[in-house]
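J.: Show me how the following folds:
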Amino acid sequence: QVQVAESGGGLVQAGGSLRLSCTVPGLTFDNYAMMWFRQAPGKEREKISCISRSGESQYSADPVKGRFTISRDNAKNTLYLQMNSLKPEDTAMYYCAADLYYCQSSPEYWGQGTQVTVSA
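T.: Numbers count the residues shown, from 1 in each chain. Below you'll find the predicted structure:
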């Protein structure tokens, strides 16, 4: 059974940083492209960052470009999202997702999410 597990969320002041992590026990990690999504209360889910299987290709959505960095360590079977210069509008549930194909809008495997709250 595939489990996608995010960690690292929390409460941080505006301007601060957090690093999210994601592991996917049950999958051969480096066979899968990985993605981060987020969903704020009352808003639609949005795809914010993608990384290819090798890590060579990456995508960041405009709202987070230059502040968030996606990375992966295939030796540790772990995906990361380094979030810097956080803003109150970054407050959301953050989800890790995996798919065989790069940067999918509806990936096959999803985590339960980790809450990020940014105070003004």
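J.: Point to the residue nearest the middle of the protein.
T.: Trp36 (2.8 Å; C-alpha atoms, centre = their mean).
J.: Grab the nearest non-local neighbour of it.
T.: Excluding the flanking residues, the one nearest Trp36 by C-beta to C-beta, 6 or more residues apart in numbering is Ser49, at 4.5 Å. Any C-beta I mention is one placed from the backbone N, CA and C, and that applies to glycine too.
J.: Give me the distance between the one you found and Tyr95.
T.: According to C-beta to C-beta, to the nearest Å, Ser49 stands 11 Å off from Tyr95.
J.: One more: Ser21?
T.: Ser21 is 13 Å from Tyr95, by C-beta to C-beta.
J.: between these two, what contacts are shared?
T.: The contact sets of Ser21 and Tyr95 overlap at Glu6 (C-beta atoms under 8 Å, 6 or more residues apart in numbering).
J.: of these two, who's got more company?
T.: Tyr95 (23 against 17; other C-beta atoms under 10 Å).
J.: who are the neighbours in contact with Tyr94?
T.: Applying C-beta under 8 Å, 6+ apart to Tyr94 gives the contacts Glu6, Gly9, Leu20, Trp36, Phe37, Arg38, Leu81, Gly113, Thr114, Gln115, Val116.
J.: Repeat that for Phe29.
T.: Phe29 sits in contact with Arg72, Asn74, Asn77, Thr78, where contact means C-beta under 8 Å, 6+ apart.
J.: ok, 6 Å please
T.: Taking C-beta atoms under 6 Å, 6 or more residues apart in numbering, we find Phe29 in contact with Asn77.
J.: same question, Ile70
T.: Counting by C-beta under 6 Å, 6+ apart, the residues that Ile70 touches are Ser49, Ile51, Gln58, Leu81.
J.: distance between the helix or strand the last one falls within and the chain's centre?
T.: Under the criterion DSSP states H and E, the helix or strand holding Leu81 is strand 78-83. Strand 78-83 has its average C-alpha position 6 Å from the chain's average C-alpha position, going by C-alpha atoms, centre = their mean, to the nearest Å.
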